[in-house]
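Q: Build me a model:
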Amino acid sequence: MAEERRLSLDPSRQSRIAPGLERMADWPWWLIVAILIGLVVVFQVVTNQRMSVIFGAIAAGIGVTIRVTLSAYFLAVIIGLFVGLARVSSNRVILNIASFYVEVVRGVPILVLLMYIAFVAVPLLVTGINGLGGRLGIETALGAALAKVSTRNISNELRVIIGLAVAYGAFESEIFRAGIQSIERGQMEAARALGMSYVQAMRYVILPQAVRRVLPALGNDFVAMLKDSSLVSVLGVEDITQLTKLYAASTFLFFQSYSILAFIYLTMTVLLSRGVRTLETRLSAHRR
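A: Numbering: from 1, shown residues only. Predicted structure coming up:
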């Protein structure tokens, strides 16, 4: 008993134990728990025939989810870049138009914006295209083609891609604006002093540095868009959320169906989040 007490009070022993406890405290315990839960779900899918059938029915929509996310995010980054440049423009007209777009879009829920674009903006756009075709004359090939455009030619998937791109374009624009304004003013002045135009200085000096600084934020928004892509199910697009709703409603297996759906989304978002963390770490090391 005295020996155990002596060892417990031994400073050298405590100094050896403390670093080990600190390393264990730094472990990503949440990730370990998530992996264990994932292994349980995978085991159920592999060994349980009913769970396997449910997974097969839902997994058919993964391709749609990924396609919608990638397409919408690509367009959102392009919109955000140009609107972000407009937000730092000295032209008051361009600045106010860009600010109007950002404030309006950010003030409307994404679900409402998706429905507005799908059921209001797209029909109005088609009407405008038809009117342009009538002005050109239906006797011309272009005029006849424009006059025949119908809302049926625009799929729901394309509508939700446009809606998500418009919605996230406003958020990306603020990220780009913050990144551009974080670059020291002296760099623009030095570039102009070297004979560069404003466009050249922005393209070759300011933007490359700003993009490197905002890449982690852009990555986080990509993860957020992957989750928000589930909203497209309200328009009948057959992504994994819509297929899960249909399957659960027809079989009444709500617990199993939505558990697998949550597992699929969790797997994709965790993988993307770890990728974003890795990118942040590399960028931080590169800056040092």
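Q: What count of nearby residues applies to S155?
A: S155 is surrounded by 11 other residues when neighbours are defined as other CB atoms under 10 Å. For glycine as for every other residue, the C-beta is placed from the backbone atoms N, C-alpha and C.
Q: And it, how far from A118?
A: Taken as CB to CB, to the nearest Å, the spacing of S155 relative to A118 amounts to 10 Å.
Q: Now for S52, which secondary structure element holds it?
A: With elements taken from DSSP states H and E, the one containing S52 is helix 49-59.
Q: buried residues in that helix?
A: Neighbour-count burial for helix 49-59 flags M51, I54, F55, A57, I58 (criterion: 16 or more other CB atoms under 10 Å).
Q: Report the spatially closest residue to S257, excluding sequence-adjacent ones.
A: The spatial neighbour of S257 that comes closest, neighbours along the chain excluded (CB to CB, 6 or more residues apart in numbering), is A248 at 4.0 Å.
Q: Helix or strand: which one has the one you found?
A: When secondary structure is defined using DSSP H and E, the element that contains A248 is helix 240-251.
Q: What lies in contact with that helix?
A: The contact list for helix 240-251, computed with CB atoms under 8 Å, 6 or more residues apart in numbering, reads 54, 57-62, 64-65, 230, 232-233, 236, 253-254, 257-258, 260-261, 264-265.
Q: I'd like the average pLDDT over stretch 145-152.
A: Here the mean pLDDT over stretch 145-152 is 80, rounded to a whole number.
Q: quick one: contacts for the residue sitting nearest the centre point of the chain?
A: Central residue of the chain (CA atoms, centre = their mean): F222, 2.3 Å from the mean position. Listed by CB under 8 Å, 6+ apart, the contact partners of F222 are T69, Y73, L272, V276.
Q: now, which of those lie within strands?
A: By the criterion of DSSP state E, membership of these in strands covers no residue at all.
Q: Of all pairs in these, which one is the farthest apart?
A: The span of the contacts of F222, defined through CB to CB, is set by T69 and V276 at 14.4 Å.
Q: Pick out whichever of those two has more residues nearby.
A: In this view T69 and V276 are compared by other CB under 10 Å, and T69 has more residues nearby, 23 against 19.
Q: Test my guess that the more buried one contacts S229.
A: Yes: using CB atoms under 8 Å, T69 makes contact with S229 at a distance of 4.9 Å.
Q: what about Q187, how many residues close to it?
A: One way to gauge burial is a neighbour count; for Q187, by other CB under 10 Å, it gives 13.
Q: L266 now?
A: Counted with other CB under 10 Å, L266 comes out at 15.
Q: pLDDT score assigned to it?
A: In the predicted model, L266 carries a pLDDT score of 87.
Q: now V112
A: Predicted confidence (pLDDT) for V112: 93.
Q: got it, and A262?
A: According to the model's per-residue confidence, A262 sits at a pLDDT of 88.
Q: next one: phi and psi at it?
A: Reported as degrees, to the nearest 10, the phi and psi values for A262 are phi -60, psi -40.
Q: any idea how far it is from G63?
A: The gap separating A262 from G63 is 19 Å, by CB to CB.
Q: Could I get the contacting residues of Q181?
A: Shown in contact with Q181 (CB under 8 Å, 6+ apart): V88.
Q: Check which residues of whichever helix or strand it is part of are buried.
A: Under the criterion of DSSP H and E, Q181 resides in helix 156-182. The neighbour-count criterion (16+ other CB under 10 Å) identifies 157, 159-180 as the buried residues of helix 156-182.
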